[in-house]
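*Asks:* model the structure of this input:
(chains A and B)
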Number of protein chains: 2
Amino acid sequence: MLDYRLLEALSAVIETGGFEKAAQKLHLTQSAVSQRIRQLEHRLGQPVVLRRSPPVATALGRRLNNHLQQVKQLELGLLDEEQGEPIKIRLTVNADSMATWLPQAIAACPLSTQMDFDLVVEDQEVGLDRMRNGEVMACICAEAQPVNGGAVSSLGVLRYRALASPAFVERYRTQSEPKRLVDAPCLIFNRDDRLQHQFLEALGLPPPVRQHRVPSSEGFVEMALHGMGYGMLPELQVADYLASGQLVDVGPVFILDVPLYWHFWQTESAPLTALRRTVLDHASRLLQG
Amino acid sequence: MLDYRLLEALSAVIETGGFEKAAQKLHLTQSAVSQRIRQLEHRLGQPVVLRRSPPVATALGRRLNNHLQQVKQLELGLLDEEQGEPIKIRLTVNADSMATWLPQAIAACPLSTQMDFDLVVEDQEVGLDRMRNGEVMACICAEAQPVNGGAVSSLGVLRYRALASPAFVERYRTQSEPKRLVDAPCLIFNRDDRLQHQFLEALGLPPPVRQHRVPSSEGFVEMALHGMGYGMLPELQVADYLASGQLVDVGPVFILDVPLYWHFWQTESAPLTALRRTVLDHASRLLQG
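*Replies:* A predicted model of the protein is given here:
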């Protein structure tokens, strides 16, 4: 069996980002922490942490850390909930869920006051890879297929609409002549964001010539509001601006429903099951069916 | 002198994220693009792109790409503004500026309709490194010291306040007993975010025991609104919630003013000067003096 004191040292180094801070957290000397890490590496025959500033966990180190968190979760199930240490929930999530419906959904879980969340915003592919590597306990993304050893619950869909400010629509005349969308500046979240391309494809148009790259959900909305470009925006995030007319359909009405799934491990602990159920319940009301 | 046809091939590969897409963009065959990249590398004696999927520019490749953009900017100054190609503006910016005041400020620049923005959200240190490496044309961050060959304009300060929901304050009784802040869950943006630590230090308290890591400006606000934790929030972003009482001071009133600076190159082109002046002008109204 693994020596969990060594794993706790590893976990503290990864989470605090330094040997000295880890020592403070564990009430140990720095050399005791270093020794535990060396001992762990000696037993496993592989490095678990790269000695950089801040230290970086190796793939093995990340798996061990994740394993420790899962063991702690299982322990939590054994103990009186009020007495247990906070349980660490590491979750990858797409940027638009993070910015819109997710905080409300996790706050609704009665156990959430005993959870410490480490939310990681990632593109779908990277998020799923982190799940595959065992670096995270759950992953919210658009992929329906579970990873090996994992399972999937459907959350519903996030509805996107192609929107811009009225001034933008007037300047580029995109409503009367949709083909002008090709030359009008388009907002994209990052290089992997294909939603705008899908919109143009659906209209039989080529990809946008001009792009602003805006890797921030709120920045994306602000850029649209101030007439810098058009883009696919979650209706949930811009309901007020649609109601007030500050955002309008940039061309023909175009709705894109992006399905979202909660990926979890088949060995899911009881608190994580409780969290998942609350989130599913909330998602069924906040997202489209 | 450099062969700019080769640099354009490099730039297209970096920006489209592939040799095939670069070929489409340049109306060339894929092998012609590969040949130009090889030719460039042969002349310089160093790789400019790592052949991964997507291809990754080396440090030299990034410098060359940035140089090409600067040359294009200078060319733009020569031509009739209405006829020039859109000018690409690559800018690193802190997450909270991206989510709050910046879109409005750049939209106010009359030249912004001819600019394509590539906004990169980075922590201060990484952002400044990208500036030092010549990967970006400008950088908004809290560092007052210019990089080599660069200069700095002051934008004003972003004012943060330590806030939480009324339900959170009631549950953890942090207003009547500020020392409870140490054990109450604290929101941090990422590991490098020290604002909350500064708040506790100012109260003579040790670092927070419980943390939620929420690397999203809007997610951070949502987590606070839903009572998941307390954190330092930009007043500019939460003015409505302060007015409605949905967010309140979590303990003794604590205000932290983070200064912001616009880093630019001394060789700044005319359009970039115009942009910087508009942004400075707007910032002087949106940010604290």
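
*Asks:* hey, let's count contacts and neighbours off CA atoms from now on
*Replies:* Will do.

*Asks:* strands of chain A, residue ranges please.
*Replies:* Under the criterion DSSP state E, chain A contains strands at A:49-50, A:56-57, A:87-93, A:115-121, A:138-141, A:150-164, A:186-188, A:211-213, A:231-234, A:248-249, A:255-265.

*Asks:* strands paired with the fifth one, and their directions?
*Replies:* Yep, that's strand A:138-141 we're talking about. Using DSSP bridges, the strands paired with strand A:138-141 are strand A:87-93 (parallel), strand A:255-265 (antiparallel).

*Asks:* how distant is it from the center of its chain?
*Replies:* On the basis of Cα atoms, centre = their mean, to the nearest Å, strand A:138-141 sits 7 Å off its chain's mean C-alpha point.

*Asks:* buried residues in it?
*Replies:* Within strand A:138-141, the residues that count as buried by 16 or more other Cα atoms under 10 Å in any protein chain shown are A:A138, A:C139, A:I140, A:C141.

*Asks:* helices and strands of chain A: which one has the lowest mean pLDDT?
*Replies:* helix A:59-78 (a mean of 72; mean pLDDT, DSSP states H and E).

*Asks:* circling back to that earlier point, so can I have TSV of the buried residues of strand A:138-141 showing pLDDT?
*Replies:* Listed next are the buried residues of strand A:138-141 as TSV, based on pLDDT from 0 to 100:
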residue	pLDDT
A:A138	94
A:C139	95
A:I140	96
A:C141	94
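
*Asks:* hmm, A:S153 is touching A:W265, no?
*Replies:* No - shown here, A:S153 and A:W265 do not form a contact pair, counting by Cα atoms under 8 Å, at 11.1 Å.

*Asks:* which residue is the nearest non-sequential neighbour of A:A142?
*Replies:* In this structure, A:A142 finds its nearest non-sequential neighbour in A:L260, 4.6 Å apart by Cα to Cα, 6 or more residues apart in numbering or on different chains.

*Asks:* typo on my end, A:P54
*Replies:* In space, A:P54 comes closest to A:G17 once its chain neighbours are excluded; the distance is 5.1 Å by Cα to Cα, 6+ apart.

*Asks:* residues touching the spatially most central residue of chain A, list them.
*Replies:* By Cα atoms, centre = their mean, the mean C-alpha position of chain A lies nearest to A:V93, the distance being 1.6 Å. A:V93 makes contact with A:L119, A:V120, A:V121, A:E122, A:D123, A:G127, A:C139, A:I140, A:C141, according to Cα atoms under 8 Å, 6 or more residues apart in numbering or on different chains.

*Asks:* beta partners of it?
*Replies:* Applying DSSP bridges, one finds that A:V93 bridges with A:V121, A:I140.

*Asks:* what does the model give the residue nearest to A:P54 for pLDDT?
*Replies:* Listed pLDDT for A:G17 reads 88.

*Asks:* circling back: in a markdown table: the strands of chain A, plus distance to B:L195.
*Replies:* Formatted as a markdown table, those follow (distance: least, Cα to Cα, whole Å):
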| stretch | distance to B:L195 |
| --- | --- |
| strand A:49-50 | 27 |
| strand A:56-57 | 23 |
| strand A:87-93 | 22 |
| strand A:115-121 | 18 |
| strand A:138-141 | 28 |
| strand A:150-164 | 33 |
| strand A:186-188 | 30 |
| strand A:211-213 | 28 |
| strand A:231-234 | 30 |
| strand A:248-249 | 38 |
| strand A:255-265 | 32 |
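
*Asks:* A:Q69 is nearest to which of those strands?
*Replies:* strand A:87-93 (6.6 Å; Cα to Cα).

*Asks:* good, we can wrap up now.
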